[in-house]
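Student: below: sequence and its predicted model.
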Amino acid sequence: MNKVRTNKLKRFIEIGCIPSDTPEERLKKSIMTIMVIPYSLAAVIWGLYFMRNGFTIAGTIPLAYAVVSLTSFFYFIASKRYNIFRFFQVFLVLILPFCLQLALGGFSQSSGMLLWSCTAPFIALVFYDVKTARKWVYALFFLLVLACLLDESARIYFPEEIDENAIVLVYGANFILISILLFGIQTYFVNGQRKIKIQLEEKEELLEASREIDRQKELLIATKDRLELVMGSLEEVVWGRSLPDQQMEYVSDSVEGLYGTPKVDWFKKTNLWMDMIHPDDKGKVLKGSEAIFSKGFAELEYRIVTTDQKIKWINSKTRIIKNQDGTPFFMTGIAADITEKKTAQEQLNELNDSLEEKVNKRTAELINSEKKLKESLLKEKELGQLKSSFVTVASHQFRTPLAVIQSNTELLAMLTNTGNNSDPVKYRKVTDRITVAISKMTDLMDDVLTLGKLTAGKVSCNPKEIDLIDFCRKMVEEFNAVQQDGRNIDFVYSGDIYQPSLDSKLLEHSLSNLINNAFKYSVGNEQPELSINFKPTELVISIKDYGVGIPENERKHLFEPFFRAENVSEIQGTGLGLSIAKEYIEVNKGNIVVKSTLEKGSNFEITFAKERI
């Protein structure tokens with residue numbers, strides 16, 4: 001609302017202006033319009049005031065001023081003749097206060113009405129130049145001198161007595177009104193001059209900016225010419241499209257050599273580039289093109305099919321240019337032929353693949369050779385350890401039976417030499433001891449031969465379905481029948497019974513060794529236990545005893561050939577039984593683990609995966 005009122009007031013103030021007026025002329029005409037109204041209003045007030053107080057002639061003069069001033073104003077609005085209007089306004093301001101002062105009886109009687117005439121040079125300074133304003137100053141001096149000469153005559157000719165209070169009041173009003181009017185006109189003029197100065201400075205800045213734009217245009221044209229010259233010498237294709245219509249704006253001449261299509265076609269067909277992309281690469285290119293608008297830049301490698309059906313590899317770098325509000329308005333890029341580079345890269349890749357294949361093959365051979373060598377070294381080491389252990393065990397295990405055989409042989413010789421052949425009991429005891437010693441040596445040699453076969457991989461597995469419950473029950477009966485300490489092995493089983501496919505000989509040898517150890521190493525303790533658990537995914541056979549147990553630090557060597565724990569050194573054994581049992585179980589596709597607590601017993605668990613048996 002305030003803006004509308006301001007615009008209306010501005011149009012009214014500038015009502016006498018014409019389009020061809022300069023800013024300074026427009027300012028002067030506006031001030032003149034502003035001045036007419038308060039001056040005319042003041043004249044009307046004084047006119048009515050004087051007439052009301054009986055000064056008819058004195059009241060007529062300001063009213064006449066108001067009429068003439070407003071008449072010249074309307075004439076100015078209609079004719080736009082500013083010079084006539086300006087002259088009348090300054091002339092009336094100068095002469096009418098002089099006349100009014102005389103009509104009121106001089107300077108004192110009129111309360112200094114001539115002061116209004118003093119505003120004429122100031123008004124002239126605003127609406128004219130300094131030279132013209134100086135002339136109006138001279139005219140003011142002339143009137144002042146004339147007023148002084150006629151002041152006495154005016155008092156005589158117009159002898160009206162005016163109340164002193166009214167004189168003071170009018171004098172003060174004159175002074176205040178004159179000051180306000182002059183200050184308002186000067187203020188408006190100064191502000192107007194400042195605005196004009198600012199406008200001139202802005203115009204000067206605009207002119208300078210315009211000149212700078214012209215210079216930049218010249219530089220741009222020169223740069224464009226040089227750029228076109230450079231682009232024309234490039235093998236790469238430089239291009240630019242406007243957005244969002246994808247219209248080609250420029251493309252370098254090299255496009256014909258790279259793509260094989262006339263340059264003019266790129267301006268006519270917006271989809272020409274996409275049409276030339278190899279069918280297998282279109283999906284990749286479309287995905288990359290979508291990423292350009294989100295990232296602002298993209299580099300793609302793809303194939304094209306030229307007009308002569310040649311396939312070329314292209315490396316394309318594209319950039320999106322955005323305006324200040326972030327809206328893309330231009331897309332530019334450069335495309336290069338990298339077919340030779342790609343061909344060379346493919347050849348290099350083929351060569352690298354071939355070399356890598358050969359290297360991998362050779363590496364595999366070396367690894368295999370190294371593995372075989374390590375296996376050979378390991379076997380050789382194991383064989384050396386086996387030999388060393390065998391010598392140690394054999395020297396001990398063979399010495400005792402041999403000593404028995406030797407001593408009993410000497411005893412037979414003594415009996416023979418005495419000639420006493422009548423006591424067959426003595427002979428039987430001697431021969432029995434010799435037979436037992438020979439049996440121990442035979443068992444040891446059998447175990448050694450068995451271990452040799454296992455090490456050489458000459459033990460075969462012939463699995464067949466067996467009734468495991470009946471198989472184990474017979475073994476339990478056989479072992480219980482020969483125990484001399486009165487103990488038996490307890491046998492239990494659980495789960496859904498089925499017949500596994502196992503090598504019965506290998507299983508019998510393994511279980512016999514484990515059951516025999518359970519009795520041998522738990523003499524004087526609770527009865528050993530044999531249990532079978534038919535689980536859904538595996539078969540578990542456990543042999544548990546409550547004997548001496550196995551030291552924790554020796555368990556890892558328990559299944560090694562000829563190894564015997566320190567706490568069983570006084571119990572007869574070769575250290576081959578568990579090693580052979582473990583090998584037989586693994587040949588039978590099983591696995592054996594031991595859980596033991598020293599002085600509380602051991603539990604050996606044989607596990608067969610159901611899917612393998």
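Tutor: Looks like it came in fine. Just so we're clear, the structure is a prediction, and the values are computed from it rather than from any experiment.
Student: most centrally placed residue in the chain?
Tutor: K295 (11.9 Å; CA atoms, centre = their mean).
Student: let me see the contact set for it.
Tutor: By CB atoms under 8 Å, 6 or more residues apart in numbering, the contact set of K295 is empty. Backbone N, C-alpha and C define where each C-beta goes, glycine included.
Student: sec struct for the nearest residue to W116 once chain neighbours are set aside, please.
Tutor: Nearest residue to W116, sequence neighbours excluded (CB to CB, 6 or more residues apart in numbering): P97, at 3.6 Å. Classification of P97 by DSSP: H, G, I helix; E, B strand; the rest coil places it in helix.
Student: what about P97, neighbour count?
Tutor: 29 (other CB atoms under 10 Å).
Student: from H509, how far off is it?
Tutor: Look at P97 and H509: by CB to CB, to the nearest Å, they are 151 Å apart.
Student: cool, A565 as well?
Tutor: Distance from A565 to H509, by CB to CB: 22 Å.
Student: as a check, name the ranges of all helices in the stretch 51-200 of the chain.
Tutor: Here the stretch 51-200 of the chain has its helices, by DSSP state H, counting those that start in this stretch, at 56-79, 82-103, 119-127, 130-157, 164-233.
Student: so what does I571 look like in phi/psi?
Tutor: With angles defined as degrees, to the nearest 10, I571 sits at phi -100, psi 130.
Student: thinking it is in contact with F519, fair?
Tutor: No: when contacts are counted by CB atoms under 8 Å, I571 is not listed as touching F519 (11.3 Å).
Student: tell me which of these two has more neighbours.
Tutor: F519 (21 against 14).
Student: does the more buried one touch R487 like I think?
Tutor: Yes: between F519 and R487 there is a contact under CB under 8 Å: 7.0 Å.
Student: show me what R241 is bridged to.
Tutor: In this entry, R241 is beta-bridged to M248, M331, by DSSP bridges.
Student: could you do N603 as well?
Tutor: K544, K595.
Student: now do it against Y546, distance only.
Tutor: Taking CB to CB, one finds N603 at 10 Å from Y546.
Student: those two: which has the busier surroundings?
Tutor: Y546 (20 against 17).
Student: against S369, how distant is R362?
Tutor: For R362 relative to S369 (CB to CB), the value is 10 Å.
Student: got the domain boundaries for the chain?
Tutor: As recorded under automatic domain parsing, the domains making up the chain are 11-205, 234-337, 398-458, 461-612.
Student: ok, of the ones you listed, where does mean pLDDT dip lowest?
Tutor: In terms of average pLDDT, domain 398-458 trails the rest of the domains of the chain, at a mean of 61.
Student: N517 falls within a strand, correct?
Tutor: No: using three-state DSSP, the assignment for N517 is helix, not a strand.
Student: that one: neighbour count?
Tutor: The burial count for N517: 22, using other CB under 10 Å.
Student: the stretch 401-550 of the chain: strands as residue ranges?
Tutor: Ranges of strands in the stretch 401-550 of the chain, per DSSP state E, counting those that start in this stretch, are 464-465, 490-495, 501-502, 529-534, 538-545.
Student: for K135, find the nearest of those.
Tutor: Between K135 and the strands of the stretch 401-550 of the chain, the tightest spacing by CB to CB is seen for strand 538-545, at 131.9 Å.
Student: angle of the closest one against strand 529-534?
Tutor: 170 degrees (axes from the mean of the first three to the mean of the last three CA atoms, to 10 degrees).
Student: what's strand 538-545 in contact with?
Tutor: 468, 472, 500, 511, 514-515, 517-519, 521-522, 525, 528-533, 601-610, 613.
Student: let's see it at 7 Å
Tutor: Residues outside strand 538-545 that contact it (CB atoms under 7 Å, 6 or more residues apart in numbering) are 500, 514-515, 518, 521-522, 528-533, 601-610, 613.
Student: buried among those residues? Make that a ChimeraX selection.
Tutor: In ChimeraX, a selection of the buried entries from these looks like this (16 or more other CB atoms under 10 Å):
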select :500,514,515,518,521,522,528,529,530,531,532,601,602,603,604,605,606,607,608,613
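Student: thinking again about what came up before, ok, now which ones touch the residue nearest to W116?
Tutor: 113-114, 116-117.
Student: how close does it sit to L514?
Tutor: 146 Å.
Student: same thing with K464?
Tutor: Taking CB to CB, one finds K464 at 21 Å from L514.
Student: next one: T56
Tutor: Noted for T56: a distance of 156 Å to L514, by CB to CB.
Student: thinking again about what came up before, redo the contacts of P97 as CSV? Include distance to L351 and neighbour count.
Tutor: Compiled in CSV, these are given as follows (distance: CB to CB, whole Å; neighbours: other CB atoms under 10 Å):
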residue, distance to L351, neighbour count
M113, 116, 27
L114, 116, 22
W116, 111, 25
S117, 112, 22
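Student: so which of these comes closest to I37?
Tutor: Once CB to CB is applied, the member of these that ends up nearest I37 is W116, at 15.9 Å.
Student: which other helices and strands does the host helix or strand of E299 contact?
Tutor: Counting by DSSP states H and E, the element that carries E299 is strand 297-305. In terms of contacts (3 or more CB pairs under 7 Å, 6 or more residues apart in numbering; DSSP states H and E), strand 297-305 is packed against helix 282-295, strand 311-322.
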